[in-house]
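Engineer: attaching a predicted model along with its sequence, questions to come.
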Amino acid sequence: ISERSEKSNIWLARAEGGEACQLTDVKTGVGVFKWSPDGSRIAFVMQDPPDEKEEKAARGKDDARIVDGDSKMSHLWIVPARRAEGKMPEMRRLTGGDFTLNVQYAGGFDWSPDGRKIVFTHTSGTSADSWTLADISQADVETGAITPLVNSAAAEYSPLYSPDGRLVAYLCSENPPSWDFTRDIKVVDATGGKPRPLAQTADRNSILTGWAADS
């Protein structure tokens, strides 16, 4: 927790001990975060900060909220995992637009093994029913260009790259999605194409935890 912002932030400490250094200081708080494969960067999810009007309302204790009506979107940011002496590293926003990252399952995003792309789950809104519209896209880490990967009437989420980066495994709901949360594992080429389902579990309630190291 940052003493200045009183929000969750990323701090870095050596494994052998020592004083931790702060890498972020944000207004809305850091959510899920993941190291890049080479350890040089950290990607994290952050809710969009309040605008000037919202900050003014908060200072005036006008903090009423409309359920499912005024929630902020959440997006991906990247920060270097090193801090120059006395200087906070510069954060960089990776995604933006009229969608929000869905991080309910397995963090909602994953780095490609070469660190060049991030695959992520996103929805068009933040309401309780928005998960039914979840799709999967990829972001180019250098350019920020976003490419759709899986987009269907089912809900697709929890993407994970294979160790060689050629495939992406993910969870897929039945079509159309239902609150029974039936889900199977599917695999798609990281460059796109037609997904293929893996064998269904007996209860069709699969959980995707990772790939075998030699996959």
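Structural biologist: Ah, there it is.
Engineer: please make it C-alpha for all contacts and neighbour counts, starting now.
Structural biologist: Will do.
Engineer: who's L171 bridged to?
Structural biologist: Beta bridges link L171 to Y157, I185, judged by DSSP bridges.
Engineer: quick thing: my sequence starts at 46, can you match it?
Structural biologist: Fine by me, first position is 46 from now on; the one you just mentioned is L216.
Engineer: so who does it touch?
Structural biologist: E201, Y202, S203, P204, R228, D229, I230, K231, S251, I252, L253 (C-alpha atoms under 8 Å, 6 or more residues apart in numbering).
Engineer: which helix or strand lies directly C-terminal to the lowest-mean-pLDDT helix or strand in the chain?
Structural biologist: One helix or strand of the chain scores below all others by mean pLDDT, DSSP states H and E: helix 97-104, with a mean of 66. Remark: after helix 97-104, the chain's next helix or strand is strand 119-125, criterion DSSP states H and E.
Engineer: and the residue lying farthest from the centre of the chain, how far from E187?
Structural biologist: The outermost residue of the chain relative to its centre, with distances by C-alpha atoms, centre = their mean, is G105 at 32.4 Å. Computed with C-alpha to C-alpha, to the nearest Å, the distance linking G105 and E187 is 40 Å.
Engineer: could you do R211 as well?
Structural biologist: The gap separating R211 from E187 is 19 Å, by C-alpha to C-alpha.
Engineer: the two: which has the busier surroundings?
Structural biologist: The residue with more neighbours, out of R211 and E187, is R211; 13 against 10, by other C-alpha atoms under 10 Å.
Engineer: enumerate every residue touching the more buried one.
Structural biologist: R211 sits next to D234, A235, T236 when contact means C-alpha under 8 Å, 6+ apart.
Engineer: in TSV: these, plus pLDDT, distance to G141 and neighbour count.
Structural biologist: Below are these laid out as TSV (pLDDT from 0 to 100; distance: C-alpha to C-alpha, whole Å; neighbours: other C-alpha atoms under 10 Å):
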residue	pLDDT	distance to G141	neighbour count
D234	98	25	17
A235	97	22	18
T236	96	22	13
